[in-house]
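Novice: One predicted model, sequence on top.
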Amino acid sequence: MAARQKSMSSSLMGTLAASCLLVMALWVQREAAVPIVSHCSLDRVNFQQPYITNRTFALAQEASLADNNTDVRLIGTKLFQGVNQMTERCYMLKQVLNFILEEMLLPQSNRFKPYMQEVVPFLARLNKKLGQCHIERDNQNIQRNVQNLKDTVKKLGESGEIKVIGELNLLFIALKNECTRPGQSSEMDN
């Protein structure tokens, strides 16, 4: 009787182990088949709207005409220094976008009409879409780079505010390059 119970117990344990392995294999296969959706991404269609693209670039062009400081670049390679992964770069751009909206564009909304009234809501929508974008890793480089940008803008004063608006085209391009995945499709692309 004891031998029979031991045999049944071994058989039951073997069946249970095989079932667990099967469940794990199916789970891994399902995970591989389902695309991983990152909250640190934007749909490419946001950057394929000619009207808002033209308005953003026109606003940047108009502001850059008033920008006398050609020695400083805010949105460029220095901003991305030490930030290598796409998700981290997008997260950093989310921080930059948030700063630019709250500190520069909203207070300046009466300038550069009519472009500002059209571009600010567009950028605010992008900012909202990136609202859930967070990173779990150490983000000292990101925080340092964003703080350097903020400090530079504040040091430049009104010239810094104009420079930020004059570089909205660069921010637009950076968001497109860093927050959309190559080959990413959307419902409108199909």
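Specialist: Sure thing, it's come through.
Novice: Okay, now stretch 39-59: how far is its last residue from its first?
Specialist: 28 Å (C-alpha to C-alpha, to the nearest Å).
Novice: Y91 versus Q61, what's the distance?
Specialist: Remark: distance between Q61 and Y91 (C-beta to C-beta, to the nearest Å) = 28 Å. Just so you know, the C-beta spots here come from the backbone N, C-alpha and C atoms, and that holds for glycine as well.
Novice: The two - which one has more neighbours?
Specialist: Y91 (25 against 13; other C-beta atoms under 10 Å).
Novice: Which parts of the chain are strands?
Specialist: Here the chain has no strands by DSSP state E.
Novice: Going along the chain, name the helices of it.
Specialist: 2-33, 50-65, 86-99, 115-129, 140-156, 158-166, 168-179 (DSSP state H).
Novice: count of neighbours near I100?
Specialist: 26.
Novice: which residues does it contact?
Specialist: Counting by C-beta atoms under 8 Å, 6 or more residues apart in numbering, I100 touches 123, 164, 168, 171.
Novice: how close does the residue most central in space within the chain sit to V72?
Specialist: In the chain, the centroid-proximal residue (C-alpha atoms, centre = their mean) is C90; its distance is 3.0 Å. Distance of C90 to V72, given as C-beta to C-beta: 24 Å.
Novice: ok, now V120?
Specialist: From V120 to V72 the distance is 23 Å (C-beta to C-beta).
Novice: try R137
Specialist: 29 Å.
Novice: The two - which one has more neighbours?
Specialist: Per other C-beta under 10 Å, whichever of R137 and V72 has more neighbours is V72, with 16 against 10.
Novice: Tell me if I'm right that the more buried one and T152 touch.
Specialist: Yes: contact criterion C-beta atoms under 8 Å: V72 and T152 qualify, at 6.5 Å.
Novice: buried residues in stretch 88-107?
Specialist: Within stretch 88-107, the residues that count as buried by 16 or more other C-beta atoms under 10 Å are 88-100, 103-105.
Novice: cool, and stretch 61-69?
Specialist: 62-64, 67.
Novice: average pLDDT across stretch 135-144?
Specialist: Stretch 135-144 carries an average pLDDT of 86.
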